[in-house]
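> take a look and give me a structure for this.
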Amino acid sequence: MATIHNSDRLPRVEELQAEKISSSAGITSSESHDGRVRRFRLSAGGATVELCTLGASIVRLLLPSHSHAGSDAPDDDPDIAEAVDDCVLGYASPSEMMKSGNPTYLGVVVGRVANRIQGGSFRLTQQKDGDDEAKLSATRYELDRNNGPNHLHGGIRGFGHSLWDAEIVDASLRDGSCEGGSEGGGTVPAVRFALISEDGDQGYPGRVRVTATYSLFPEGSADADGSTGNDAVLRLRLCASLLSSSDDALASPVNLAQHSYFNLAGHSSPDGVLNHVLSTPGCDAFLPVDDTSIPTREVKSLDDDPVMDFRRGQGGGGGGGGGRGRRLLRDALVKYGTEKAGRTKEEAEEEVEKRQFPVGVEPYGIDHCYAIAGDGKSSVRRGESGSSLRLAGRVEHPPSCRRMEVWTDAPGVQIYTANYLDGKTPGPEASKDGAIYRPWQGVCLE
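Model prediction:
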């Protein structure tokens, strides 16, 4: 959710002109797309989101600045012009995304399994019905190893590298079904992407159908009191279902995530996200990782690791009590470099300020799963069909007064501060506006 300020609030959706791509080699799709990438635009409350069928991706997020908040001038004063910035990193076009292979997964839905699978393989135990009793059968599945020794984000040709089907639908504000509908609390226009992943796709078993439905509407649209505010809600509903096959319907792990890199100062900001504030008020623990970014199975309380504690947006000091100071990501990353990455304070300060690592220095920063607290310890809001959404994280850019909150029904959120962007993936010849994306140019909340 991004804080916005604009009087044009009604939700709208339109399909833009499709882009013809020169070659679809290496691109998978669930129907014949004739080499076309379809594009869509959602608008509401002054915010605009552009989507495309390549990776079911967010390609633009246009937000006005709220930097004149607190001014004595009226909101409609023509002398106060709101700057509008594109607040997600991305490619200049779907063709550029396709040609590069999008190795950093800018903007796409990743799967079948987001994040890493250790060793690029897993064992799946399934229950099969025999003549007399259910029998257990265990099978090991080998996957692409596309991140050192591990499997990352669904493999070399995962969902983020696929052309999805798409349609404009009416999504219910209350209905929790994957197919949407017109019942319960009104509807908003939405774009639903769909993909069928065949048995054996990237090594995974089972034939799976996945959908990703995006809708954009003013905050308060789903409230019974019909309240209106200056916020807009970008809602994404990710669903997966196992399709029957000629044989037994195999089980499969599925863990979908949206992998946009957000920068509320604008995607090409020369400071990256160093002047942003990250807070995780709903999280009480995180998962430490090994040197290949695989969780060690420890669930560590944030009380025991101030460097990783962002509960009050200041990276230390616990989740309760007083104190209003907030720490910028610039300071948090310096602290991480000195206490977690073995850098001296001077080295870390120089690396963070220049946003560049010396040759031979492993990039560092946040790339960890944060556990969202339960048992009434985190903020809760009502979701679809009465489900409970918990606050996973908040990102703020004080100069523009832009703010984004992520609410989810998932048990955790992977926070990644774009440590491995290097100015070359993508390079300025392929990125939007010729931008150079260096370390810490954006932040992902997956």
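
> is the closest residue in space to S244 that isn't next to it in sequence in a bridge, and if so with what?
Leaving aside its chain neighbours, S244 sits nearest to R207 (7.9 Å; criterion: C-beta to C-beta, 6 or more residues apart in numbering). Every residue, glycine included, has its C-beta placed from N, CA and C. Beta bridges link R207 to L243 when assigned by DSSP bridges.

> tell me how many other residues surround R207.
20 (other C-beta atoms under 10 Å).

> and W407, by the same measure?
With other C-beta under 10 Å as criterion, W407 counts 21.

> tell me the bridge partners for it.
L391.

> so it versus V413, what's the distance?
10 Å (C-beta to C-beta, to the nearest Å).

> where do the contact lists of those two overlap?
Taking C-beta atoms under 8 Å, 6 or more residues apart in numbering as the criterion, W407 and V413 both touch A392.

> so which residues of this structure form helices?
Ranges of helices in the chain, per DSSP state H, are 94-100, 329-339, 345-354.

> turn those into JSON lines, including distance to A138 and mean pLDDT.
Below are those laid out as JSON lines (distance: least, C-beta to C-beta, whole Å; pLDDT from 0 to 100):
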{"stretch": "helix 94-100", "distance to A138": "38", "mean pLDDT": "94"}
{"stretch": "helix 329-339", "distance to A138": "40", "mean pLDDT": "98"}
{"stretch": "helix 345-354", "distance to A138": "46", "mean pLDDT": "98"}
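
> can you lay out these as JSON lines showing mean neighbour count and distance to A212?
As requested, the helices of the chain are arranged in JSON lines below (neighbours: other C-beta atoms under 10 Å; distance: least, C-beta to C-beta, whole Å):
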{"stretch": "helix 94-100", "mean neighbour count": "20", "distance to A212": "16"}
{"stretch": "helix 329-339", "mean neighbour count": "21", "distance to A212": "28"}
{"stretch": "helix 345-354", "mean neighbour count": "16", "distance to A212": "34"}
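
> of those, give the one that comes closest to S431.
helix 94-100 (7.9 Å; C-beta to C-beta).

> which residue, neighbours along the chain excluded, lies closest to Y370?
In space, and not counting its chain neighbours, Y370 is closest to C283: 4.1 Å by C-beta to C-beta, 6+ apart.

> number of nearby residues for that neighbour?
Count around C283 with other C-beta under 10 Å applied: 27.

> distance check, it against L333.
18 Å.

> count of neighbours near S379?
S379, neighbours per other C-beta under 10 Å, totals 14.

> wait, it touches T280, no?
No: using C-beta atoms under 8 Å, S379 makes no contact with T280, being 11.3 Å away.

> contact partners for the closest residue to V334 other than its chain neighbours?
Nearest residue to V334 in three dimensions, chain neighbours excluded: A348, at 4.6 Å (C-beta to C-beta, 6+ apart). Residues in contact with A348, defined by C-beta under 8 Å, 6+ apart, are L333, V334, Y336, G337, T338, A341.

> let's see it at 10 Å
By C-beta atoms under 10 Å, 6 or more residues apart in numbering, the contact list for A348 reads L333, V334, K335, Y336, G337, T338, E339, K340, A341, G342, Y364.

> also D304?
Taking C-beta under 10 Å, 6+ apart, one finds A285 in contact with D304.

> please determine how far it is located from I196.
45 Å.

> how about R327?
45 Å.

> pLDDT value on G35, please?
If you check G35, the pLDDT there is 75.

> tell me how many other residues crowd it.
Count around G35 with other C-beta under 10 Å applied: 14.

> switch to numbering from 284
Yep, numbering from 284; the last one is G318 now.

> correct me, but it touches T336?
No: between G318 and T336 there is no contact under C-beta atoms under 10 Å: 11.7 Å.

> find residues that contact each of these two.
Joint contacts of G318 and T336 (C-beta under 10 Å, 6+ apart) are A301, E302, L446.

> keep only those of the residues you listed that are in strands.
Among the shared contacts of G318 and T336, the members falling in strands (DSSP state E) are A301, E302, L446.

> now rank the residues you listed by neighbours and give me the top one.
L446 (27 neighbours).

> surely that residue and R440 touch.
No: L446 is beyond contact range of R440, at 11.3 Å (criterion: C-beta under 10 Å).

> where do the strands sit along the stretch 584-729 of the chain?
Along the stretch 584-729 of the chain, counting by DSSP state E, counting those that start in this stretch, strands occupy 650-655, 663-665, 671-680, 685-691, 695-699, 727-728.
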